[in-house]
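Visitor: Based on what follows, work out the 3D shape:
(2 chains)
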Amino acid sequence: AQTVTQSQPEMSVQEAETVTLSCTYDTSESDYYLFWYKQPPSRQMILVIRQEAYKQQNATENRFSVNFQKAAKSFSLKISDSQLGDAAMYFCALSGGSNYKLTFGKGTLLTVNP
Amino acid sequence: DGGITQSPKYLFRKEGQNVTLSCEQNLNHDAMYWYRQDPGQGLRLIYYSQIVNDFQKGDIAEGYSVSREKKESFPLTVTSAQKNPTAFYLCASRGGRNSGANVLTFGAGSRLTVL
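Guide: This next block holds a predicted model:
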């Protein structure tokens, strides 16, 4: 079984500032992938960033970057220069095993204050 | 444009009625998934299918049924046996291993309310 834990139900950040969302996971698989998805008020799930577990280098997508600590099973998301449009629910997710089922955390609601 | 279409967007059901949620994709993806979202619960996997005419139960399959007769379609039936069906339902699909590091593409969702 695989589990994903997001310990911060809600976070807030000032516009233009930086915020870090936390995620820990557990899996017995050696080959797995980690993701951050964003769900704005429209409820459409949008991929923010992904990380292959075999890659040591942390993934980066523009203002979004991750801190992947494999030994600690930690996968945090850093949002730099926060914008009002970043306000959303953020889900950490893990995919592993032959069926590539995606297991989600319970989410972190991010508020961006002007 | 390629994508996933879920219908209807909103659905109301009386207790004791079965309802079917539609999910169609034109991405030529092999695998398809159904998730349920409740407030504070994240997304939970109901059923998934990796190939036509084959599907497996997820973590919360009781009270639900699916079929996969065509690659493009993966309808979900919420039966009267589902004790608390009011929720937001999301369909997703995934391409092969070499396409996008196993990224799931999601539909816009269907909101089911039991009256």
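Visitor: So the residue nearest the centre of chain A versus chain B, what's the distance?
Guide: Centroid check for chain A by C-alpha atoms, centre = their mean gives A:Trp36 as the closest residue, at 3.2 Å. Shown here: A:Trp36 relative to chain B, a distance of 12 Å by C-beta to the nearest C-beta, to the nearest Å. (Each C-beta comes from the backbone N, C-alpha and C, glycine too.)
Visitor: Okay, buried residues for the longest strand seen in chain B please.
Guide: Longest strand of chain B, by residue count under DSSP state E: strand B:42-51. Residues B:42-50 are the ones in strand B:42-51 that count as buried (16 or more other C-beta atoms under 10 Å in any protein chain shown).
Visitor: Hmm, which of these is lowest in pLDDT?
Guide: Lowest pLDDT within the buried residues of strand B:42-51 is found at B:Gly42 (88).
Visitor: Can you name the residues bridging to the residue nearest to the centre of chain A?
Guide: A:Ile49, A:Cys92 (DSSP bridges).
Visitor: Contacts for stretch A:94-106, please.
Guide: A:2-6, A:9, A:23, A:25, A:27, A:29, A:31-35, A:37, A:91-93, B:31, B:33, B:35, B:40-45, B:48, B:50, B:56, B:58, B:92, B:94, B:102, B:104 (C-beta atoms under 8 Å, 6 or more residues apart in numbering or on different chains).
Visitor: at 7 Å what do you get?
Guide: A:2-6, A:23, A:25, A:27, A:29, A:31-34, A:91-93, B:40-43, B:45, B:48, B:50, B:94, B:102, B:104 (C-beta atoms under 7 Å, 6 or more residues apart in numbering or on different chains).
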